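Provide a 3D model corresponding to the input given below.
(3 chains)
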Amino acid sequence: MSDLALAAPRGLARPAKARAGETAEQLAAWVLAGPAFALIWILLLGPTVAVFVLSFTDWTFGMPEIAWAGLENYREMAGDAVFWKTLRNTLTYVAFVVPLSVFLGLGAAILIEAGESLRGFYRAAFFLPVVSTLLAMALVFQFAFHPTVGAINLTLAFVGIPTTDWLKNPNTALFALGVIGIWQAIGLSMVLFIAGLKAIPKDLYEAAAVDGADGAFERFRRVTWPMLGPAMLFVVTITAIRAFQVFDTVQVLTDGGPNKATNVLLFQMYQEGFSFLRSAYAAALTVVFLGFVLLVTVIQVRLQERNTHYG
Amino acid sequence: MAGISLRNIRKSFKDAQILHGVSLDIADGEFLTLVGPSGCGKTTLLRIIAGLETQDSGDVFIGDRMVDDLPPKARDVAMVFQSYALYPYMTVAENIALPLEMRRLSTAQRLPLVGRFMPGARTARAGIDRDVKAVAEGLGIGHLAARKPAQLSGGQRQRVALARAMVRRPKAFLMDEPLSNLDAKMRVQARTEISELHRSLGATFVYVTHDQAEAMTMSDRVAVMMGGHLLQVAPPQVIYDDPQDLAVATFIGTPEINTLPGRIGADGRVEVIGTPWPVTVEGQPGAEVTVAIRPEALMVTRGAAGDGIVLVGTIRHVEMLGAETLVHVVASPLTRPLVTRIEPSAAAALRTGDPVALSTDPRRVLVFGKDGKRIAVRQSAPPLVPAARGETVHV
Amino acid sequence: MRTRSIAATGLGFQLFRHALLGLGAFLMLAPFVIMISVSLKPSGEIFAPEFTLLPKQWHAWQNYTDAFTKQPLARYILNGFIVTGSIFACQLLTALPCAYALAKLRWRGRETMFMLVLLGLLIPPQVTAIPLYILLWQLGLLNTYAAIILPSTISVFGIFLMRQFFLTVPDDLINAARLDGLGEFAIVWRIMMPTAMPAVIAFGVLSLVWNWNEFFWPLIVVQSEHLATPPLGVVFFANAEAGTNYGPLMAAATAITAPLVIAFLAAQRWFIDGVTMTAVK
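Sure thing, here's the model as predicted:
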């Protein structure tokens, strides 16, 4: 960056000519990066700024007029019981899905790596949900949750556990969706934890063994767990961000119901923005949604700075 | 084929000046080696010739043409990189063919799949295949044509890199430490091969290395670089015998040249440890100088100080290397031992702790000023000890 | 041998391991089993109070023909290929040159550009939905292939991933290419891309999985059946069949899930490496 600026004051014979190669490189770089630069602004950063601006207006989709509304949308949101319920639902969903998928994924990763036999099969089985089309699988779950012929209730009744119509019961619907979310998220966290486990140097276990920590639990506590720190942070972050994005299952299975019990941020935003065409209010909801996602990232970065083991 | 001329090349990165106005003329067909310690700017200079870096000021000429504004591909030079820089996903034949494809095929003819059906593509490709084959066979890697670089040994990779450079018959070859990734044995063999290649191609070679053995054995001329300056450009033997700078003298030669602190006496004679030596120089009387003597120019004599004996000391260590023996002598009050190189037979009787005297041929004494530059010797006395090296010990 | 360090030995432990993992694998695979099983059964058996794995009366042919004839399922799948293929081609076309410039060229604006990429990584795709919808509406592009494809033509993740990989390519390889006569464009496509093939494949797999399964955006911009991507198609299907005709619905679900699952089973390594690569920053 600074080499051009520094070269100039030296008063060299023919600076312009001598830097022809560098100019060519500058030009080539802009030509190569130009399309990406433009598209990032047009499709990503520009619209994000636009969402922010739009959230301070009163615009409804298709209207010829637009006016500043200041904080009106946010004020409406704050006074809307549905919004608070939506927020509570979203946070409950995240709080339910994240810990379970992270720890089940971690358990699966450790157990899979703890032996040789059937390793590939287990890994594939746990990972398959990650690549399958969630929407199609949601319909399968709908059938599995079917109150009378669904596999879940058949099994629970067989064991003698009380059953309900999980997706239609306001007390259970959100958790039923959470189960689908966990089912899909476990494979991802498992694969990331396996990568984390493989990155732990073998000699650390040997050092621990020499130091007397040779039991399975001791090795886990002294070596595996602390060394998985960075992976853990990353998995929690990525799982949380994905949980905040829950939409498909809500849209196709519960439509936000029953009685708004599964209304989540993104679904609310979709309804306001694309069903009721209240673009400005939907933009304000988007800003709230983005705020949560950025909050997760900020927490991750903070923790990462504090807990770095090695450079 | 063409010579290369550099005119006052300067280059800096950020705040650090790497090249301080380097000028150099390389003759057509010459093998010139740029040698110097790491960080001296030799690789940067080579990359400026290639067009991979742009100088801050100064001009580069290849042949009669100024190439400052030309991109690397238009300069018609080939380069062999330290890492060989072979394209890992291409076969040996494809690696060698690439420079020809870029020059002989049009953009349309180079297109994947359809390119082969463009008019003229078939003939051009046949020509390329023929040339690639000829070069590969010439370097003895014809049988490796279908392999990928990962399946080759270090020496084979180096030949592929050479073949890729040779195939398009460039005006000049630029080589950036091409032997440094080979093991010691291969390196000695490759030295000979590259020298032979230079003779048979008759092309201009600019060769960068930090290894003085490579510089001395292969070059027509050696250019010693330090701290971004060209200190001396001369044939290898001249660099060794007649270095114009203390830094050159110490950099070239193993073991390192012996250096002693001295000063110029009132009569112009050089005094070392208070003793005037039979060497008279053109310098300011009283000025401090550095006296340098190659290890093989120092002779070991048993006995006390006397006529013709320049230094006395004690043997610290005797290093037997087979073909020669190095004797380390501490001459009080100097703390750093002086190293002499003598015949093993002459060293047989020498033991650590023995008192010895050292003598030298005054014509082989080099004197350098405080600034490191050579001070011309006006007159030196005839050899102090006329006896041949080796015999002296048995006196 | 690496495994030896974490592996606990002992028959008891191995039994414990297989018991837990076996149960886990069963639960993970159960939805797929149910899906396929139901897709083979006639309606009467589906709603029978007892669940059986295999049908007593095979109804596979009817269910799958229904799935492909009552709705243009083949069209949905074709759309899936068109959309994911176009998106990945565009993403490569924009990401590779940019990643090369970021990793290997010295230019003013490089730091700024990289900051933009990092900033872009923070923004979930749903955030831009409203403005992009308005933009496409203005351009009259709603309900077209372009509407589905355009917002995904840039992948900041792809730029980031490829940049990280390009950083590991030795500079001398690029210098050699320059001396061999390649221009910067040729270097991107002839040198960098083949060298970075593993990363390109990983990126491709992730892009494919993401865009094949993407539901939110196509739901917003597509109304016409003939443009529906696979997940959207399944919803059309479910709505048309009022959600009770499970046999053909599960057949449809199987058909649209199959391409990715088959690809995954065939090239597991690439999928898992690809996902893992996202974590290795």
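
what residues does chain C put near chain B?
C:170, C:172-173, C:175-183, C:186, C:191, C:194-195, C:197 (CB under 8 Å from any CB of the partner chain). All C-beta spots, glycine's among them, are computed from the backbone N, C-alpha and C.

Please narrow those residues to those residing in helices.
Among the residues of chain C next to chain B, the members found in helices (DSSP state H) are C:172-173, C:175-179, C:186, C:194-195, C:197.

Confidence-wise, which helix or strand of chain C is lowest on average?
Lowest on mean pLDDT, DSSP states H and E among the helices and strands of chain C sits helix C:2-6, with a mean of 43.

helix or strand right after that helix?
For helix C:2-6, the following helix or strand on the C-terminal side (DSSP states H and E) is helix C:11-39.

Which neighbouring elements make contact with the following helix or strand past that next one?
For helix C:11-39, the succeeding helix or strand toward the C-terminus, using DSSP H and E, is helix C:43-46. When contacts are defined as 3 or more CB pairs under 8 Å, 6 or more residues apart in numbering or on different chains; DSSP states H and E, helix C:43-46 sits against helix C:246-266.

Quick one: list the elements packing against the helix it packs on.
Applying 3+ CB pairs under 8 Å, 6+ apart, we find helix C:246-266 packed against helix A:119-131, helix A:134-144, helix C:11-39, helix C:43-46, helix C:60-70, helix C:73-104, helix C:197-213, helix C:230-240.

And the residue of chain C closest to chain B?
In chain C, the residue that lies nearest chain B is C:Gly181 (3.3 Å; CB to the nearest CB).

Please enumerate the strands of the stretch 201-350 of chain B.
Shown for the stretch 201-350 of chain B, the strands assigned by DSSP state E, counting those that start in this stretch span residues B:204-209, B:221-226, B:229-234, B:258-264, B:269-272, B:275-281, B:288-293, B:298-301, B:311-320, B:325-330, B:338-342.

Would you convert the ones you listed into TSV that also reports mean pLDDT and distance to chain A?
Formatted as TSV, these follow (pLDDT from 0 to 100; distance: least, CB to the nearest CB, whole Å):
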stretch	mean pLDDT	distance to chain A
strand B:204-209	94	19
strand B:221-226	94	21
strand B:229-234	93	18
strand B:258-264	90	36
strand B:269-272	87	41
strand B:275-281	84	38
strand B:288-293	92	34
strand B:298-301	84	47
strand B:311-320	88	40
strand B:325-330	92	42
strand B:338-342	91	43
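
right, so of those strands, which gets closest to A:Thr23?
Between A:Thr23 and the strands of the stretch 201-350 of chain B, the shortest separation by CB to CB is 26.0 Å, and it involves strand B:204-209.

rewinding a little: hey, which of the helices and strands packed on helix C:246-266 is tucked in deepest?
Across those, the average number of neighbours (mean count of other CB atoms under 10 Å in any protein chain shown) peaks for helix A:134-144, which reaches a mean of 25.

circling back: give the single residue among the ones in helices among the residues of chain C next to chain B positioned nearest to B:Val60.
Within these, proximity to B:Val60 (CB to CB) peaks at C:Leu179, which comes in at 14.6 Å.

Can you give me the neighbour number for that closest one?
For C:Leu179, the neighbour count with other CB atoms under 10 Å in any protein chain shown is 28.

which one's the longest helix in chain A?
In terms of residue count, the longest helix belonging to chain A (DSSP H) is helix A:81-113.

just to revisit the earlier point, only whichever of the residues of chain C next to chain B are buried, select them in PyMOL.
To isolate the buried members of the residues of chain C next to chain B in PyMOL, using 16 or more other CB atoms under 10 Å in any protein chain shown:
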select buried, chain C and resi 172+173+175+176+177+178+179+180+181+182+186+191+195
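
what about the stretch 151-281 of chain C, any weak spots by pLDDT?
C:241-244, C:278-281 (pLDDT under 70).

got it, and chain B?
Within chain B, the stretches with pLDDT under 70 are B:1, B:303-309, B:380-395.

mind running it again at 50?
Scanning chain B for pLDDT under 50 picks out B:305, B:384-395.

To what extent is the closest residue to chain C within it buried, counted in neighbours?
Closest contact between chain B and chain C, by CB to the nearest CB, is at B:Met102 (3.3 Å). A count of nearby residues for B:Met102, using other CB under 10 Å, gives 19.

In a strand, it, correct?
No. Counting by DSSP: H, G, I helix; E, B strand; the rest coil, B:Met102 is not part of a strand but helix.

how near is the closest residue to it other than its chain neighbours to chain A?
Leaving aside its sequence neighbours, B:Met102 sits nearest to C:Gly181 (CB to CB, 6 or more residues apart in numbering or on different chains; 3.3 Å). Distance, C:Gly181 to chain A, using CB to the nearest CB, to the nearest Å: 15 Å.

what do you get for B:Ala331?
Going from B:Ala331 to chain A by CB to the nearest CB gives 48 Å.

Next up, the contacts around that residue.
B:Ala331 makes contacts with B:273, B:311-313, B:338, B:358, as judged by CB atoms under 8 Å, 6 or more residues apart in numbering or on different chains.

Out of these, grab the one that's most surrounded.
Counting neighbours by other CB under 10 Å, B:Leu311 comes out on top of the contacts of B:Ala331 with 23 neighbours.

right, and that one touches B:Pro337 too?
No. With contact defined as CB atoms under 8 Å, B:Leu311 does not reach B:Pro337; the gap is 11.4 Å.
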